[in-house]
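In: Need a 3D model of the sequence below.
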Amino acid sequence: MARLQLEFPEDQFCYSTQLTVRVTDINGANHLGNDSMISMISEARARFLFEFGVEEARADGTGIIVTDLATAYRAEAHARDQLLFEVGVMDFNRYGGDITFRISRPHDATLVALAKSGFVFFDYRRGRVVSMPASFSAKFPQANWLDGASPTTG
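Out: As a prediction, this is how the structure comes out:
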């Protein structure tokens with residue numbers, strides 16, 4: 001059975017934040033549960049977007065919607081572990097791209113997981129995908145473009 005392989009360029013991580021594994025994040029196998037990891041990834045994404053001045057839902061009815069999430073686990077995390085979430089962006093296209101995550105435990109330099117969350121810009125009033133605003137892509141010049149051209153270069 002094929003396994004998910006995630007690899008990210010070092011230079012695309014542009015933000016980091018720490019989150020603590022809570023006792024309520026632990027599953028029956030006594031480690032961080034998948035559902036809680038997804039919640040932590042969502043929190044790291046929200047902090048990242050806030051730091052860069054990006055509103056997930058704007059007053060004009062447009063915003064960002066998550067299209068998919070892939071996570072590759074490398075090690076267990078346990079209650080009270082401090083986890084470092086390094087966040088970046090890559091694979092931009094006309095409508096969105098990927099937000100990437102490298103999750104590690106600084107205490108012992110253990111890589112816990114890698115994740116990639118796809119996103120698109122969405123008009124909630126019209127119920128359809130819309131083009132990525134140039135103001136968004138301009139915040140992340142390190143992001144590679146799948147089609148080779150950013151909105152500002154054509």
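
In: buried ones in the strand ranked longest in the chain?
Out: If you go by DSSP state E, the chain has its longest strand at strand 110-123. Going by neighbour count (16 or more other C-beta atoms under 10 Å), the buried part of strand 110-123 is V112, A113, L114, A115, K116, S117, F119, V120, F121, F122. All C-beta spots, glycine's among them, are computed from the backbone N, C-alpha and C.

In: How far off centre is that strand?
Out: Using C-alpha atoms, centre = their mean, to the nearest Å, the mean C-alpha position of strand 110-123 is found 3 Å from that of the whole chain.

In: likewise stretch 106-122?
Out: 6 Å.

In: All the helices of this structure, in order from the start?
Out: 34-51, 134-137 (DSSP state H).

In: for those, which one sits closest to S104?
Out: Among the helices of the chain, the nearest to S104 by C-beta to C-beta is helix 34-51 (12.3 Å).

In: State the distance from F136 to L83.
Out: Distance from F136 to L83, counting by C-beta to C-beta, to the nearest Å: 27 Å.

In: Y124 too?
Out: Y124 is 32 Å from L83, where distance means C-beta to C-beta.

In: which of the two has more neighbours?
Out: The neighbour comparison of Y124 against L83 (other C-beta atoms under 10 Å) goes to L83, with 22 against 13.

In: who touches that one in this structure?
Out: The contact partners of L83, by C-beta atoms under 8 Å, 6 or more residues apart in numbering, come to Q18, L19, T20, V21, M40, A77, I103, S104, R105, V112.

In: Looking at these, which one is closest to M90?
Out: Among these, and counting by C-beta to C-beta, the member closest to M90 is I103, at 16.4 Å.

In: Would you mind naming the residues that bridge with the closest one?
Out: In this entry, I103 is beta-bridged to F85, A113, by DSSP bridges.

In: so how far is R125 from the residue lying closest to A57 once chain neighbours are set aside?
Out: Nearest non-adjacent residue to A57, counting by C-beta to C-beta, 6 or more residues apart in numbering: G63, 3.8 Å away. Counting by C-beta to C-beta, the gap from G63 to R125 is 10 Å.
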